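Asks: dropping the sequence and predicted coords here.
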Amino acid sequence: MAASMLWLLAAGVLFLGSGAQETYDDLPEILRKGVDLALTNVNNHSSIQQHFLFFKTVSQTNDELGFDLRYILHHFYLKATDCQRGVNDTSECQFRNDRPLIDCSVCYKTFRGEIENPPIPYVHCIHRPKLTEEVKQTRTEHCSKMEYKSGSATLLGSRQDEN
(Lines give C-alpha, C1' and ligand atoms only; values in the text may rest on other atoms or scores of the structure.)
Protein backbone atom coordinates (compact mmCIF):
# COMPACT_ATOMS: atom_id res chain seq x y z
CA MET A 1 0.00 0.00 0.00
CA ALA A 2 2.75 2.46 0.94
CA ALA A 3 4.67 1.57 -2.22
CA SER A 4 1.64 2.30 -4.42
CA MET A 5 1.09 5.66 -2.66
CA LEU A 6 4.75 6.54 -3.21
CA TRP A 7 4.42 5.58 -6.88
CA LEU A 8 1.32 7.79 -7.27
CA LEU A 9 3.10 10.70 -5.61
CA ALA A 10 6.12 10.30 -7.90
CA ALA A 11 3.89 10.09 -10.98
CA GLY A 12 2.07 13.26 -9.88
CA VAL A 13 5.33 15.14 -9.42
CA LEU A 14 6.48 14.10 -12.89
CA PHE A 15 3.15 15.06 -14.41
CA LEU A 16 3.10 18.48 -12.75
CA GLY A 17 6.74 19.19 -13.45
CA SER A 18 6.56 18.26 -17.11
CA GLY A 19 4.19 21.17 -17.79
CA ALA A 20 6.72 23.86 -16.94
CA GLN A 21 7.05 25.02 -20.53
CA GLU A 22 3.64 23.94 -21.83
CA THR A 23 1.73 26.97 -20.51
CA TYR A 24 4.28 29.31 -22.11
CA ASP A 25 3.94 27.49 -25.42
CA ASP A 26 0.15 27.90 -25.23
CA LEU A 27 0.41 31.70 -25.04
CA PRO A 28 -0.30 33.70 -28.20
CA GLU A 29 2.91 34.88 -29.87
CA ILE A 30 2.12 38.52 -29.08
CA LEU A 31 2.04 37.76 -25.32
CA ARG A 32 5.14 35.53 -25.45
CA LYS A 33 7.16 38.52 -26.67
CA GLY A 34 6.38 40.42 -23.47
CA VAL A 35 7.03 37.36 -21.29
CA ASP A 36 10.39 36.98 -23.04
CA LEU A 37 11.31 40.55 -22.07
CA ALA A 38 10.51 39.80 -18.42
CA LEU A 39 12.32 36.44 -18.46
CA THR A 40 15.44 38.07 -19.89
CA ASN A 41 15.39 40.76 -17.19
CA VAL A 42 14.81 38.32 -14.34
CA ASN A 43 17.16 35.55 -15.47
CA ASN A 44 19.98 38.07 -16.10
CA HIS A 45 19.64 39.69 -12.67
CA SER A 46 22.77 39.10 -10.60
CA SER A 47 20.90 38.10 -7.41
CA ILE A 48 18.90 35.33 -9.14
CA GLN A 49 20.37 31.84 -8.71
CA GLN A 50 17.71 29.58 -10.22
CA HIS A 51 16.33 29.79 -13.72
CA PHE A 52 12.78 31.18 -13.84
CA LEU A 53 10.06 30.20 -16.31
CA PHE A 54 6.60 31.50 -17.10
CA PHE A 55 4.07 30.02 -14.66
CA LYS A 56 0.64 31.52 -15.37
CA THR A 57 -1.29 34.55 -16.57
CA VAL A 58 -3.13 36.60 -13.96
CA SER A 59 -4.75 39.05 -16.37
CA GLN A 60 -4.28 40.48 -19.83
CA THR A 61 -5.50 43.25 -22.09
CA ASN A 62 -5.00 42.98 -25.82
CA ASP A 63 -6.61 46.05 -27.39
CA GLU A 64 -6.82 46.35 -31.16
CA LEU A 65 -6.35 50.04 -32.00
CA GLY A 66 -6.70 49.76 -35.76
CA PHE A 67 -4.09 50.07 -38.50
CA ASP A 68 -2.36 46.89 -37.18
CA LEU A 69 -1.65 48.61 -33.84
CA ARG A 70 -2.23 46.80 -30.54
CA TYR A 71 -1.76 47.78 -26.93
CA ILE A 72 -0.78 44.87 -24.68
CA LEU A 73 -0.95 44.75 -20.88
CA HIS A 74 -0.02 41.37 -19.42
CA HIS A 75 0.15 40.50 -15.70
CA PHE A 76 1.69 37.09 -14.97
CA TYR A 77 3.81 35.01 -12.61
CA LEU A 78 7.26 33.54 -13.09
CA LYS A 79 8.33 30.56 -11.00
CA ALA A 80 11.76 29.27 -9.99
CA THR A 81 12.95 25.96 -11.40
CA ASP A 82 15.52 23.43 -10.29
CA CYS A 83 17.83 24.58 -13.12
CA GLN A 84 20.66 27.00 -12.47
CA ARG A 85 20.46 30.49 -13.92
CA GLY A 86 21.81 30.69 -17.45
CA VAL A 87 20.77 27.21 -18.57
CA ASN A 88 20.16 27.02 -22.33
CA ASP A 89 17.91 23.95 -22.50
CA THR A 90 14.94 24.39 -20.16
CA SER A 91 13.10 21.25 -21.29
CA GLU A 92 14.28 19.32 -18.21
CA CYS A 93 13.65 22.15 -15.72
CA GLN A 94 11.05 21.41 -13.04
CA PHE A 95 9.19 24.05 -11.04
CA ARG A 96 10.24 24.49 -7.42
CA ASN A 97 7.69 25.14 -4.70
CA ASP A 98 10.12 26.46 -2.08
CA ARG A 99 10.69 29.88 -3.68
CA PRO A 100 8.28 32.82 -3.95
CA LEU A 101 6.69 33.60 -7.28
CA ILE A 102 7.83 36.64 -9.20
CA ASP A 103 4.93 38.91 -10.11
CA CYS A 104 5.43 40.63 -13.48
CA SER A 105 3.55 43.25 -15.39
CA VAL A 106 4.48 44.28 -18.93
CA CYS A 107 2.86 46.78 -21.26
CA TYR A 108 3.84 47.64 -24.78
CA LYS A 109 2.58 48.67 -28.17
CA THR A 110 2.88 46.43 -31.22
CA PHE A 111 2.67 47.20 -34.91
CA ARG A 112 2.07 44.27 -37.25
CA GLY A 113 2.93 41.86 -34.42
CA GLU A 114 6.28 43.44 -33.51
CA ILE A 115 6.97 45.42 -30.34
CA GLU A 116 7.26 49.13 -31.10
CA ASN A 117 10.00 51.30 -29.69
CA PRO A 118 9.08 54.10 -28.91
CA PRO A 119 7.45 53.89 -26.55
CA ILE A 120 9.90 51.71 -24.67
CA PRO A 121 8.11 48.59 -23.35
CA TYR A 122 7.48 48.72 -19.61
CA VAL A 123 8.61 45.62 -17.71
CA HIS A 124 8.27 45.38 -13.94
CA CYS A 125 8.89 42.22 -11.92
CA ILE A 126 9.02 41.81 -8.16
CA HIS A 127 8.94 38.91 -5.69
CA ARG A 128 5.34 38.45 -4.57
CA PRO A 129 6.05 39.05 -0.85
CA LYS A 130 7.33 42.54 -1.75
CA LEU A 131 4.34 43.47 -3.94
CA THR A 132 2.44 46.33 -2.30
CA GLU A 133 -0.61 48.36 -3.30
CA GLU A 134 1.76 51.27 -3.98
CA VAL A 135 3.74 49.15 -6.46
CA LYS A 136 0.51 48.05 -8.15
CA GLN A 137 -0.61 51.68 -8.42
CA THR A 138 2.74 52.73 -9.92
CA ARG A 139 2.45 49.97 -12.54
CA THR A 140 -1.09 51.02 -13.42
CA GLU A 141 -0.13 54.68 -13.75
CA HIS A 142 2.89 53.90 -15.92
CA CYS A 143 0.95 51.66 -18.30
CA SER A 144 -1.94 54.13 -18.46
CA LYS A 145 0.47 56.77 -19.75
CA MET A 146 1.54 54.39 -22.52
CA GLU A 147 -1.95 53.41 -23.61
CA TYR A 148 -2.95 54.65 -27.01
CA LYS A 149 -6.52 55.66 -27.59
CA SER A 150 -8.18 54.50 -30.76
CA GLY A 151 -8.41 57.33 -33.21
CA SER A 152 -5.00 58.73 -32.38
CA ALA A 153 -3.66 57.38 -35.65
CA THR A 154 -6.24 59.05 -37.87
CA LEU A 155 -5.38 61.45 -40.61
CA LEU A 156 -6.79 64.93 -40.47
CA GLY A 157 -7.90 66.47 -43.70
CA SER A 158 -8.71 70.00 -44.65
CA ARG A 159 -10.96 71.25 -47.37
CA GLN A 160 -10.92 74.55 -49.09
CA ASP A 161 -14.19 76.09 -50.15
CA GLU A 162 -14.39 77.12 -53.79
CA ASN A 163 -15.29 80.73 -54.49
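Replies: Done, it's in.
Asks: and the strands in the chain?
Replies: All strands of the chain, identified by DSSP state E, fall at 50-66, 69-84, 102-111, 114-115, 122-127.
Asks: can you give me the pLDDT of Glu22?
Replies: We have a pLDDT of 74 for Glu22.
Asks: what's the answer for Asn97, then?
Replies: pLDDT, read off for Asn97, is 95.
Asks: that one: how many residues sit nearby?
Replies: Look at Asn97: counted by other Cβ atoms under 10 Å, it has 8 neighbours. In this view, the C-beta of every residue, glycine as well, is placed from N, C-alpha and C.
Asks: rewinding a little: any chance of the strands of the chain in CSV, plus distance to Thr140, mean neighbour count and mean pLDDT?
Replies: Shown next, in CSV, are the strands of the chain (distance: least, Cβ to Cβ, whole Å; neighbours: other Cβ atoms under 10 Å; pLDDT from 0 to 100):
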stretch, distance to Thr140, mean neighbour count, mean pLDDT
strand 50-66, 12, 16, 94
strand 69-84, 9, 20, 96
strand 102-111, 9, 22, 96
strand 114-115, 20, 14, 94
strand 122-127, 11, 17, 97
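Asks: got a list of contacts for stretch 80-89?
Replies: Here stretch 80-89 makes contact (Cβ atoms under 8 Å, 6 or more residues apart in numbering) with 20, 43, 48-53, 90, 92-96, 99.
Asks: most neighbours of all those residues, which one?
Replies: Highest count within these by other Cβ under 10 Å belongs to Phe52, 27 neighbours.
Asks: coming back round to it: out of the contacts of stretch 80-89, which two sit at the greatest distance?
Replies: Ile48 and Glu92 (18.8 Å; Cβ to Cβ).
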